[in-house]
Structure formats: structure tokens, C-alpha cells
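Visitor: mind folding the following:
(2 chains)
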Amino acid sequence: MPLRSKHLLGLDGMSREDIQLILDTAVSFREVLERPIKKVPPLTGKTVANMFFENSTRTRLSFELAERRLSADVLGFQATGSSVSKGETLKDTARNIEAMKVDMVVMRHSAAGAPHYLAQVIDANVINAGDGGHEHPTQGLLDMYTIREKLGRLEGLHVCIVGDIAHSRVARSNIFGLRTMGARVSVCGPATMMPREIEKMGVEVHHHIDDVLPTVDVLNVLRIQLERDAGRLFPSIREYHNTYGITRQRLEKAGRTITILHPGPINRDVEISADVADGEHSVILQQVLNGVAVRMAVLYLLSTRN
Amino acid sequence: MQLLLKNGRLIDPLTRRDEEVDMHIVDGVISRITRGLTLPSAQVIDLKGKVFAPGLMDMHVHLREPGFEYKETILTGVTAAAAGGFTAVCCMPNTNPPIDDESVIRFIQARAKTALNGLVDVYPAGTVTKERKGEHLAPLAELAAAGAVAFTDDGDPVHDPEIMRRALEYAAMYGHPVIQHAQDIPMTRGGSMNEGYVSTLLGIPPMPPAAEEIVVARDILLAGYTGGEYHVAHLSTAGAAELVRQAQARGINVTCEVTPHHFTLTDEAVRSFDTNTKMNPPLRTRDDVEAMKRGLKDGTIAVIASDHAPHSFDEKQVEYQSAPFGIIGLETTVGLVLTELVATGVLTLSQMIEKLSSNPRRILHLPPINIAEGQKANLTIFDPALQWVVDPSSFRSMSRNTPFGGKTLTGKAIGVINNGEVFWA
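Guide: Predicted coordinates:
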């Protein structure tokens, strides 16, 4: 059964069956990653361009690795030092890359909707690797994969996303995906970091982390943008850490086992304390490994759809 | 030139006339208005079922010349106006150079005089501040003497309350309104759409409705304090409409306009990421759309104006956050008003004509249009029943940036007569 869409632009509107298909397909690629020879042939002869218009290390490396593990030819593109700084439009840049007969484009962009626009102007499959504050669908998928791997299911679990929900594409993709898969989702953070009417997305809204922890199965702790937000969206790093920082003491008080996710890179002892990040319930490094498998699954499913 | 227009329905809100007439026009002057006229020497046009109205005015258009002639020129802009049923426009001063001295007004007037032989009356608005920077008052007396009918920094707000106060005081000496693009700057920095559920779904940096309302509320206080004439451009929120309603009830000299897109579309349209849904103020919510209709119906909102804002195809062919704000409207306004407001019973035809002709003229202190024998013919003819599909490629405007392409409308302007010139759309 193929994926319903030619592109992976977001998890908003993606069916339960499609999410299930990607997660199940990722299981076999996850197994490949444990082999001594980690390379398989499905994308042999296919060319994938990674267009990163915004700084990214881990997502770019993860995609690149996934592409190479599938035997694709990989083109890298970083916005800095490219034609973008010379004033070329996204459309022209993309069409030039497509003119080189690229089959798939993976794009990271600071503007919400940029991959949706790209999908309208080029023929290649488009995979959204993060568009502004909108979506980061492969992150949402790898988070779901990791939760399912650790706890055996998604349905009925209580997942709480903590931090700057308003500006987070990770939060949105998690909410869309987890709600579709039947999880209970809450968001927790200061009111200044809550987007308007978020409750209409089918999530519970909390401002006091200790109120919600006693019923939570999974915490997805978002990175705080220190430079950008301190003093504007919250008074200080110290106050944020005191009110929302996930610490061992706070988790112990909640009195239950809570699985800890973080999309990285982490600010140790700001949104999460070092001992929790490195603790036995943290799956942060599994997320990184699973990310490669999930991206392999997405690339594979989109390429075999054509 | 002799023209005999037969069987048209004359609707004139000023004289409360609403009757089927024949109109004989000789060299641009109304010679006879009566019934059953036959004149062998005149060109006869049967207008059965069509409406004669006093010439319509769009008091908020961007003609882009001088400075942005790749988006629109005065010629293409007034041709779009004529095709859309307008015999007058007020053009905004965010040109390059901006309309902040007499010479730019003279330039626009000269261009408008030759465009379609001066069919469309072009009334420039001058800036409030030099270079639209919001810091120093522009030479308002000089601009008024040259022909500016209003002052505005449109595109940007007059953000400094002290400058706004002085502008209201100074403009009032010359009997002209200050038109405000009401937008609080710090609250909207980086924003591309309305703040609400849809911006939450899309993660597009939002602009809260309060950012518009704060400025409207402040300016109402200043208008009340100074006695100046204050007009809110493209009002878009329910809260701002309520502020204007209350101020009018207190006798403060405040008026406002609404665009067709703000009474037709909501921020749901942004879900397409179509950059032709990006304008400033942004598309708001269903509640706001309903409030615009209530405000039009109860008279709080006196004017419908398009905020015709041409941009080239390539400028809009970018990711949403990078696209310029604005859509064109001159050629769709009449159709949208008839379809969305008149056919649905929000406005009568007479009220529609008030909001598109007599009210903007009154606010800008232009003489009323007198439809009578011996008077210059300044008329718009429209067919309230004509069904058509909006096809941007057929627009007379140089630009195509509209979210209404493909939409079926009922009602269309079919011709205008003004200054001795006739234009059939």
C-alpha cells in the first residue's frame, strides 16, 4: 500500500494508516542499522538534494545518512555562500537544482509553507525538514516511533510537550501526529509561549508543570531559544529553569516513570537537567538513531510510490 | 458626440431617485432625463435591467507611479478603475518619491489628465510625514494647495502619538482628513497573518487584532481632543468597528472604510499558503467578517474601498513570509459588493452606491455628483445580474495578484462616463 501523498509536507491531515505505514516500515530499516553492513539498495540511481536554507546540523546529517544508507546519490546545499545570498528566489534555486534531474528534495526553510510552495513549482518529491514555526514531520514521526518502541503503543498514552509551543514546529507535528494516533496530548509552558486557541487542536493546556506531571507517560521537552527569548517571552533563564525545567527532583515528586524525549540540541540545566537528560528514562539518543530509520522509511516510501 | 441610454434604472441616493429613465448625453453633458426618448441622430444603447449610478469612487488605491511602474502605472491603474466601474480614485502616497511635496502631485495630475483623456479623476493623498518616516510633518499646506485631498502614511501607520496629534490639528486647518493605517508596530513586527487558530495551526508569525484596535482607540482620543477629521483605512476587526461606532455616537469626527476582501474572506484562506491571501491588515476571522457586514449595514462603516495594491507576478512567487502585502481590487470590487452584500440583503443598491460614491466624496470634501439635465455626466453603469467568472488574465491592471481568480460573481460594471469620455468594460 503506497503513501497517499507524493510529498511529506506535514503531519496535519496525514491519515492514521499512512503514519502506521511509515512507522512499520521504519522498523525494518532500524534493523538494517544494526547490521555490520548498513547499506541497502532501494534508492540506487536516485538523486536526492538536501536544501538547507537554515542552519541545521543533526537533521541535515540524519537525512544525509538515511539517503546514503539507501544508496541514493546525495547533493548538499547550504544557504550560506550560495545563490540565495545573491538574491536568487527560492523558486529559481529549486528549479535550477531540479534541472539537474533531481528526484527528491529535502528542504529546511525558515518560512512556514516554503515546502508547500516548492511542491507546487517543481516535480520532484518534496520532504519537509522543518518549515519555520509550522511543521517538522520527520521529527514528529521519529518521536512517535521512539515512544512506540519504548512503551509499545501510542494510543491512550499521555504525552506532554513542554516549552515554547508558539514557535515550535516540533510541537505542531507532534500534536498532529499523536492526536491522529489516539494519544492524549497536553502542552505546558508559560502563557507567553502558548499560541492562541491551541486548545482547538485537541490538546490540554497547562502552565504549571507540577500539576500535569502526575498523569504523564511521556515528556517531550523543547529547546529554549536562549538568546532570542530571554527577557521577552520569559524573564530569565533562571526563572524558566525554576518553573519549567525538568529535574530529577521534580520527576520524583510526580511519583511515576516518565519517558523523556528532547528534539535536541539540549541546553543542559535550562529546560532539562543534566541528570535527567542522561538518566535511565531518557530516550534522547534513541531518537537520534531512530531518526535515521524513520527518514529512510519516508524516502523509501515516497520513491517507490512513483 | 451624442449618446442615448435607454431604459436604465437610475439610482441616485442624494436625490433618492430610483426609476427607469432614458438619458440623452451630448458632449459629456446630460441633456435630457426622461422616458420614451427617441433621437435618430444619437447612438442608442439599451440598458434594460442595468443601473445608472453617480460615478463610483475608490478612495484607497495604489497607482504605484512614480517609482514602481513595473507593478502599475497611472494609465493602467485608471484603466483598471474605469473597467471596474470607477470614475474617481484617491491614490495613496507611498510612491517613490512619496507624495510629500507639490512636484509629485503635479506629476500625477499631469499623467492622469492624459490617461484615457482624463476619464478618471485622480485625487492624490499626500503623506503625513516627510518620506513617510513618521518623524517630521510633511508640508501639508503646500500639498493641500496643490490638490491633496487627504493625508496618510498608508502602508505604514503614523505611530508616534505626538505626530498624529499635530497632524490632526494641522490638517484640520485645511479641511482635510488624516487617513490612518492603524497598526501597532512592535506588536506586529515580523507578522504575516491574523493571530488566531489558523496562525496557530500554520506557525506563521501572527499580528493580533489588538494591534489595530490600540491605534484606532488612541487616534479616536486624539481626534476627539483636537477636533480633527480622522478616517480609518481598511478597518478589519470587530473590535475596531465597535470603537468607531462608540466614537461616532459621542460625536467624534471619525469615519472608516472596509475592503471587499475583509467582508468576503477569512484567515482560513491562508491555509493554502497562497501569497494572494497576504495583505495588511490581514484576513481576519468569521466573527470579524460578520462585524464588517454589521458595520456596513448600520452605517458605522461609510465607505467600501479596495486598497488596490498591485505587485508583480514574481514578487508574489515566493514563500509566504517573504511575499509583499497586498492584492488588487479595482476590477472585482463592484462584483464582490453586489454578490456578497447586495444579493445577501446586507445593503440595498442605494446604500451600495452611497458607500462607493457619495460617502467617500463627502469624507474627502469633493463636490457631490449631480445627476440632472445640464450637468456634466459622471456616471457608472453596472449590471447587477450579470454572472461572470473572475479571470485575472483579462484584467486591465498590470498586475494579477488577486485571491478571487476563478470565483463566480453576480454583478459587474459595464461602463463609465466622465469628463466627456465614455468607457465600456
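
Visitor: up against chain B, what does chain A have?
Guide: Counting by C-beta under 8 Å from any C-beta of the partner chain, chain A comes close to chain B at A:12, A:89-91, A:109-114, A:116-117, A:121, A:131-135, A:166-167, A:169, A:172, A:195-198, A:200-201. For the C-beta atoms, the positions are set from N, CA and C on the backbone; glycine is no exception.

Visitor: next step: those residues restricted to helices.
Guide: Counting by DSSP state H, the part of those found in helices is A:90-91, A:114, A:116-117, A:121, A:169, A:172.

Visitor: what's the most distant pair in those?
Guide: A:K91 and A:R172 (25.0 Å; C-beta to C-beta).

Visitor: pull the residues that contact whichever strand or helix holds B:E162.
Guide: Secondary structure assigned from DSSP states H and E places B:E162 in helix B:161-173. Around helix B:161-173, the neighbours that count as contacts under C-beta atoms under 8 Å, 6 or more residues apart in numbering or on different chains are B:128-129, B:134-135, B:137, B:140-141, B:144, B:151, B:158, B:177-178, B:180, B:218-219, B:222-223, B:225-230.

Visitor: which of the residues you listed are buried?
Guide: B:128-129, B:134, B:137, B:140, B:144, B:151, B:158, B:177-178, B:180, B:218-219, B:222-223, B:226, B:228-230 (16 or more other C-beta atoms under 10 Å in any protein chain shown).

Visitor: work out for me the element the spatially most central residue of chain A sits within.
Guide: Most central in chain A under C-alpha atoms, centre = their mean is A:Q139, positioned 1.7 Å from the mean C-alpha point. Taking DSSP H and E as the criterion, A:Q139 maps to helix A:137-151.

Visitor: pull out the buried residues from that helix.
Guide: Here helix A:137-151 shows A:137-149 as buried, counting by 16+ other C-beta under 10 Å.

Visitor: and what of stretch A:56-70?
Guide: For stretch A:56-70, by 16+ other C-beta under 10 Å, it's A:56, A:59-60, A:62-70.

Visitor: for that stretch, the averaged confidence score.
Guide: The average pLDDT within stretch A:56-70 is 96.

Visitor: quick check: residues of the stretch 201-350 of chain B near chain A?
Guide: B:201-206, B:273, B:314, B:317-322.

Visitor: tell me which two of those residues sit farthest apart.
Guide: Farthest apart among those by C-beta to C-beta are B:L201 and B:D314. That separation is 28.2 Å.

Visitor: so those two - more neighbours on which side?
Guide: Between B:L201 and B:D314, B:L201 has the larger neighbour count (other C-beta atoms under 10 Å in any protein chain shown), namely 25 against 11.

Visitor: so what's the more buried one up against?
Guide: Each residue near B:L201 by C-beta under 8 Å, 6+ apart is listed here: A:12, A:172, A:201, B:271.

Visitor: give the buried residues for the helix or strand of chain A with the lowest mean pLDDT.
Guide: Least confident helix or strand of chain A, by mean pLDDT, DSSP states H and E, is helix A:226-229 with a mean of 74. When neighbours are counted by 16+ other C-beta under 10 Å, the buried residues of helix A:226-229 are found to be A:D229.

Visitor: how much distance is there from the helix or strand following it to the middle of the chain?
Guide: Downstream of helix A:226-229, the next assigned helix or strand under DSSP H and E is helix A:237-244. Distance of helix A:237-244 from the chain centroid (C-alpha atoms, centre = their mean, to the nearest Å) equals 24 Å.
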